[in-house]
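**Q** pasting a predicted model and its sequence here:
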Amino acid sequence: MRRLVIVTGLSGAGKSQAMKSFEDLGFACLDNLPPVLSAQFVALVERAQIDRAAVSLDVRTLGPFGDALASIEALGASGEKPELLFLDADTETLVRRYSETRRRHPFREGVAHLTDAIAAERAALAPLRERADHIWDTSLMTHGMLKALIESTFAAGANRLELGIIAFGFKYGVPLDCDLVFDVRFLPNPNYVAELKPLTGNDLSVAQFLEALPDTEEFLKHLFAMIDFLLPRYRSEGKSQLTIGIGCTGGRHRSVYLAHRLERHLHAQSETGVSVEERDLAR
């Protein structure tokens, strides 16, 4: 396997968020895996021909569930090269995070104070911390900062901003998952031109009709400039998926044509992972 990352650390230090970030980067992921099953998970991932995996081991399980440190050493002995990422945070930060989420600390059983539970977990995880290849203090990190650090460390150069463009009709409702919505109903509607009504934005006659309108190219000039401005900034904030909605009245003519114009522009900018959905084309 090209990259195998074991994520562990203190409860509340960001392990779940880290696993979500690895998943966004294309890693095969499994959270809270009993250590005894780690070798089976790695074998399963390899049989699926996936070369990157991240797993969060459940360090609280012992006995028949296995020991985390022993499982990591066994993976190394088998020829894998697991990298251990240990997430830490100061006690004050962990107490604040637990008070915000109101979750129960896994070491709280039989312990009167949360700080005592945190101290007990620190002691239990000390051997893993000593073995770690990467130790990160997340006390001052936002989710975006943690994701950016994971990407730069474990997936440098990965372009994981998936771009989805949805052409839709406002008469059928705005798609719920859109991050950006552009209303193009200001352009004359080809639906009111008899010979264009049965056609769609994918037909040459509709394209020629829209391209003959001065406002079409003027709108696209501003749209392209805005998207080009936003994409690197979304990436710097750790965004992994962006959905752009382009809506006209019925979702068959203007929005379809403009969605594909945006798609071609993005491809010309060397963007990958661009998809177009013509949601209401068959209505």
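**A** Structure's in. What do you need?
**Q** run through the helices of the chain in chain order.
**A** Here the chain has its helices, by DSSP state H, at 15-24, 38-47, 68-77, 91-101, 114-131, 143-154, 204-211, 214-236, 254-268.
**Q** out of those helices, the one nearest residue 171 is which?
**A** Residue 171 sits nearest to helix 254-268 of all those, at 11.5 Å, using C-beta to C-beta. Where C-beta positions appear, they are placed from N, C-alpha and C, glycine not excepted.
**Q** can you name every helix or strand that that closest one contacts?
**A** strand 162-169, helix 204-211, helix 214-236, strand 241-248, strand 274-278 (3 or more C-beta pairs under 8 Å, 6 or more residues apart in numbering; DSSP states H and E).
**Q** let's see that with 10 Å instead.
**A** strand 162-169, strand 180-183, helix 204-211, helix 214-236, strand 241-248, strand 274-278 (3 or more C-beta pairs under 10 Å, 6 or more residues apart in numbering; DSSP states H and E).
**Q** re the thing from before, which of the helices of the chain sits closest to residue 166?
**A** Of those, nearest to residue 166 by C-beta to C-beta is helix 254-268, at 7.4 Å.
**Q** next, the angle from the closest one to strand 162-169.
**A** 160 degrees (axes from the mean of the first three to the mean of the last three C-alpha atoms, to 10 degrees).
**Q** name whatever forms a beta bridge with residue 3.
**A** residue 52 (DSSP bridges).
**Q** look up how far residue 191 lies from it.
**A** 52 Å (C-beta to C-beta, to the nearest Å).
**Q** same check, this time on residue 104
**A** 58 Å.
**Q** higher neighbour count, these two?
**A** Neighbours around residue 104 and residue 191, counted as other C-beta atoms under 10 Å, are more numerous at residue 191. The numbers are 17 against 12.
**Q** test my guess that that one contacts residue 185.
**A** No - in this structure, residue 191 is not within contact of residue 185 by C-beta atoms under 10 Å, at 11.1 Å.
**Q** bridging residues for residue 87?
**A** residue 9, residue 136.
**Q** quick one: contacts for it?
**A** Contacts for residue 87 (C-beta atoms under 10 Å, 6 or more residues apart in numbering) come out as 7-15, 17-18, 56, 132, 134-138, 141, 146.
**Q** quick one: low-confidence ranges for the chain?
**A** For the chain, residues meeting the criterion pLDDT under 70 lie at 60-63, 156-160, 238.
**Q** could you list the domains of it?
**A** 3-154, 162-278 (automatic domain parsing).
**Q** any idea how far the longest one is from the chain center?
**A** Distance of domain 3-154 from its chain centroid, counting by C-alpha atoms, centre = their mean, to the nearest Å, is 18 Å.
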